[in-house]
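1. Quick one, what's the 3D model for this:
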Amino acid sequence: MSRKCALTGSGSRTTTKQGSTKSTAKPVAKTTAKPVAKSTAKPAAKSTAKPAAKTMAKPVAKTTAKPATKPASPSAATTSSTTAVRPSAQPALKPKPAPAVAAPTAHHNVLDEAPVTHVPIIGVPAMRGSAPVRAEEPLEPKLAEHRTSELSKSEQTKARRGDFSDYSVALKWLHERVDLERLHTVQYSDEPFKLDRMRQLLDALGNPHEQVKCVHVAGTNGKGSTVAMVSAMLQACGYAVGQYTSPHLIDVRERVSINGAMPSEADFLDLMRRVAKAAGKLPFEPTFFELMTALSFVHFAEQAVDIAVIEVGLGGRLDCTNVITPLVSIVTSIDLDHTRILGKDVKAIAREKAGIFKPGVPALAFEPQPEVEAVFREVAAQVGAPLMIVNKDIEFSSRFCTTPDLGAHTRVCFYTRTTRLEHLPVPLPGEHQAANCGLALAAIDVLKSAGFSCPDDKVSMGLMSTRIRGRMELIAERPRILVDGAHNPASVGTLMRCVGAHVPYDSMVCIFGCCRDKDIAGLLDKVHLGADKLIFTRAAGTPRAADPNELQRMFAERSGKMSQVARSLSEAMEVATRAVGREDLICITGSFYLVGEAMRLVGQRRQA
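-> Here you go, the predicted model:
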């Protein structure tokens, strides 16, 4: 069935153009301890649709568009290796009264070691005594000029000694530290940077990272999923598993967990006091991400975790997590992202990611593009890291299938001398997760050779228990709201295919916002594939956020689909809620900041 829809709201601008036909695919899926002692893709044929002749309409209070003819959905195939994409569609819903919904944020990181000469690097001010740093925009003076503090002068003085009166004061102080992921890009010349900043901070804390066995995970896409699967399998095998990830969605403590439990507010306050006290003795001011990384190592060491799975914040070679010597290094898929910092092509980016390879430490990657594999093998040979490519050096296979109990999902087979796992269901939706699953299984296999006991039955059980927030997660039922932190063209394209393959819906309204230093044209081209209507907005408190009006202008140049602008995510959700029906879907994507804010707003609505 088709309906008419007008996306309008106060303070918003609507652009309407003729759309085209759409087809749908309807398999199903659904996503969702004070430190703990050791405890025990894409079915159907790919279809595309060309937008019809474009017509411009002036912004009006209500806009209608001709309904498109919708062909019947193809039946779900039992096994398929093709990609399902929801193509262009006409606006198809009448606005209807619905309850209005009426802001998390924060991220990382510091790069401070000698960059490759052809890549501009984000950095931090040089330490005293280090080589001088020529910068287009000096970082600390610039921040000092524009940064205001919510803390009184007395509280600021005490904070430098690690003397926080309570949890809220500690949080305010932490969030007032330099957070490069929230700043405009600062370009630095190719002067030598060093990880000595992070090493000095950890040394002041007793080098806790040296007391923790680690798995290190870098990559463009799939880091979080791989970390989650490795952690779940190890926990099922009876280990106390620390996990350090970024960014957080709602609560900063999400970044640091043991067996899925983040530290209590009291424990976090105690950790912050000690980390801040150590930082106050240094000749420089550590960044937000440096402080959080140090805090995680202190927490994991003091709680005597059996192993910690550490996600790289940005890049790899220069990331401040790269002070560890792990038991295994993993690099997930490589694509174009953070190109201003890491390099303009996949080879340059791959070289930065491979910077986590260490002498004698097994390194894992899933069969990459030939040029990327060549870089990995070169770097591995240079540092003396034994590199294994899953699906080449390690036998692996996957297939997409549909079963009555699990619906549409992917199954994998994995074989080594010590492991034989057949037809394991991948716990996370999307055929792309097979590669992440293969890497996670390979990491467990490497850990077996390091003395970890990981029986195949417990590994399988742990894998099935994997959950990850903010990735293909349905956070509300009426209306149905799905969130995903996809923030580069590759991940947004994967999201659109994954939704088409796993989530049945009539029409999708996509609320989209991204950072302005991303490949916006590429992002809009991908979101166009699945969304029927777009609402452009921005995450609150994110200086790097792209202007929604500019996003809409660029989208109108390349698509005939209906779009409009909302001044805030709250307004965008309100407009979308009025526009959709029972069988429709609201998808919020483009930024983890936007996803986290959406989760907070939905939580507030439930509590109201």
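
2. Excluding chain neighbours, what is closest to Thr410?
-> Val426 (4.3 Å; C-beta to C-beta, 6 or more residues apart in numbering). Heads up, the C-betas are built off the backbone N, CA and C, glycines and all.

3. actually Ala301, not the one I wrote
-> Nearest to Ala301 is Pro208, by C-beta to C-beta, 6+ apart, at 3.7 Å.

4. could you measure the residue nearest to Thr410 against Thr403, distance?
-> Between Val426 and Thr403 the computed distance is 13 Å (C-beta to C-beta, to the nearest Å).

5. Return every residue with contacts to both of those two.
-> His409 (C-beta atoms under 8 Å, 6 or more residues apart in numbering).

6. So which of those two has more stuff around it?
-> Remark: of Val426 and Thr403, Val426 carries more neighbours, 28 against 11, as counted by other C-beta atoms under 10 Å.

7. For the more buried one, list the residues it contacts.
-> Residues in contact with Val426, defined by C-beta under 8 Å, 6+ apart, are Ser398, His409, Thr410, Arg411, Val412, Gln433, Ala434, Cys437, Leu463.

8. most neighbours, which of those residues?
-> Neighbour counts for the contacts of Val426, by other C-beta under 10 Å, peak at Cys437, which reaches 29 neighbours.

9. Can you list phi and psi of the residue positioned nearest the centre of the chain for me?
-> The structure's the chain has its C-alpha centroid closest to Gly485; by C-alpha atoms, centre = their mean the separation is 5.2 Å. Main-chain torsions, Gly485, degrees, to the nearest 10: phi -80, psi 20.

10. Quick one, grab the pLDDT at it.
-> As predicted, Gly485 sits at a pLDDT of 92.

11. got it, and Ser73?
-> So, for Ser73, pLDDT stands at 41.

12. For Met262, give me its contacts.
-> Neighbouring residues of Met262 by C-beta under 8 Å, 6+ apart: Asp251, Arg253, Glu254, Arg255, Val256, Phe268.

13. In strands, which of those residues fall?
-> Val256 (DSSP state E).

14. Who wins on neighbours among the contacts of Met262?
-> Val256 leads the contacts of Met262 on contacts (other C-beta under 10 Å) with 26 neighbours.

15. which residues does that one bridge with?
-> When assigned by DSSP bridges, Val256 has beta-bridge partners Tyr244.

16. I'd like the distance between it and Gly470.
-> 17 Å.

17. now do Val328
-> 25 Å.

18. Repeat that for Leu201.
-> As judged by C-beta to C-beta, Leu201 and Gly470 stand 29 Å apart.

19. next one: Thr321
-> Counting by C-beta to C-beta - Thr321 and Gly470 are separated by 20 Å.

20. Which one of these two is surrounded by more residues?
-> Per other C-beta under 10 Å, whichever of Thr321 and Gly470 has more neighbours is Thr321, with 29 against 24.

21. quick one: that one and Ala294 touch, right?
-> No: look at Thr321 against Ala294 with C-beta atoms under 8 Å: they stay out of range, at 10.4 Å.

22. need the contacts of Met262 in CSV with pLDDT and distance to Lys353, can you?
-> Listed next are the contacts of Met262 as CSV, based on pLDDT from 0 to 100; distance: C-beta to C-beta, whole Å:
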residue, pLDDT, distance to Lys353
Asp251, 95, 28
Arg253, 97, 27
Glu254, 96, 24
Arg255, 97, 20
Val256, 98, 23
Phe268, 97, 30
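
23. Out of the contacts of Met262, the closest to Met496 would be?
-> Closest approach between the contacts of Met262 and Met496, by C-beta to C-beta: Glu254, at 26.4 Å.

24. if I read this right, that closest one contacts His248, doesn't it?
-> Yes: using C-beta under 8 Å, Glu254 is in contact with His248, at 4.1 Å.

25. So, low pLDDT: which residues of the stretch 151-300 of the chain?
-> Filtered on pLDDT under 70, the stretch 151-300 of the chain yields the residue ranges 180-194.

26. residue ranges with poor pLDDT in the stretch 1-150 of the chain?
-> Counting by pLDDT under 70, the stretch 1-150 of the chain shows low-confidence ranges at 1-148.

27. related to what we said a few turns ago, any idea how many residues pack against the residue nearest to Ala301?
-> Neighbour tally, Pro208, other C-beta under 10 Å: 17.

28. Which residue ranges of the stretch 201-350 of the chain form helices?
-> Assigned helices in the stretch 201-350 of the chain, in chain order: 223-236, 265-279, 288-302, 339-342, 346-353 (criterion: DSSP state H, counting those that start in this stretch).

29. Looking at the ones you listed, which is nearest to Met554?
-> Nearest to Met554 among the helices of the stretch 201-350 of the chain is helix 339-342; the distance by C-beta to C-beta comes to 17.9 Å.

30. tell me the mean pLDDT for that closest one?
-> 52.

31. Over to stretch 564-573?
-> Here the average pLDDT along stretch 564-573 is 96.

32. Give me the distance between it and the centre of its chain.
-> 22 Å (C-alpha atoms, centre = their mean, to the nearest Å).

33. Between the two ends of that stretch, how far is it?
-> Start-to-end span of stretch 564-573 (C-alpha to C-alpha, to the nearest Å) is 12 Å.

34. going forward, begin numbering at 20 instead of 1
-> Taking 20 as the first residue, the last one we looked at is stretch 583-592.

35. Hmm, Thr553 is touching Ala585, no?
-> Wrong residue type there; residue 553 is Leu, not Thr. No: the criterion here is C-beta under 8 Å, and Leu553 misses it with Ala585 at 10.5 Å.

36. shared neighbours of these two, which are they?
-> Counting by C-beta under 8 Å, 6+ apart, the residues touching both Leu553 and Ala585 are Ile530.

37. one step back: among the contacts of Val445, which lie within helices?
-> Gln452, Ala453, Cys456, Leu482 (DSSP state H).

38. From Ala237, how far off is the third one?
-> In other words, Cys456. Distance of Cys456 to Ala237, given as C-beta to C-beta: 17 Å.

39. and what of the second one?
-> In this view, Ala453 and Ala237 are 19 Å apart by C-beta to C-beta.

40. ok, now the first one?
-> For Gln452, the distance to Ala237 (C-beta to C-beta) stands at 18 Å.

41. just to revisit the earlier point, for the contacts of Met281, give me JSON lines that also has distance to Leu548.
-> JSON lines is the format used below for those (distance: C-beta to C-beta, whole Å):
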{"residue": "Asp270", "distance to Leu548": "33"}
{"residue": "Arg272", "distance to Leu548": "36"}
{"residue": "Glu273", "distance to Leu548": "31"}
{"residue": "Arg274", "distance to Leu548": "32"}
{"residue": "Val275", "distance to Leu548": "36"}
{"residue": "Phe287", "distance to Leu548": "41"}
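
42. Make sure the residue nearest to Ala320 is actually in contact with Gln322.
-> No: the criterion here is C-beta under 8 Å, and Pro227 misses it with Gln322 at 10.6 Å.

43. which SS state does Gln623 fall under?
-> Following DSSP: H, G, I helix; E, B strand; the rest coil, the label given to Gln623 is helix.

44. Neighbours of it, how many?
-> 13.

45. same deal with the one 3 residues further on?
-> As a burial measure, the neighbour count of Gln626 was computed by other C-beta under 10 Å and equals 6.

46. State the helix or strand in which Met573 lies.
-> Per DSSP states H and E: Met573 is located in helix 567-577.

47. In that helix, which residues are buried?
-> The neighbour-count check on helix 567-577 (16 or more other C-beta atoms under 10 Å) flags Pro567, Leu570, Gln571, Met573, Phe574, Ala575 as buried.
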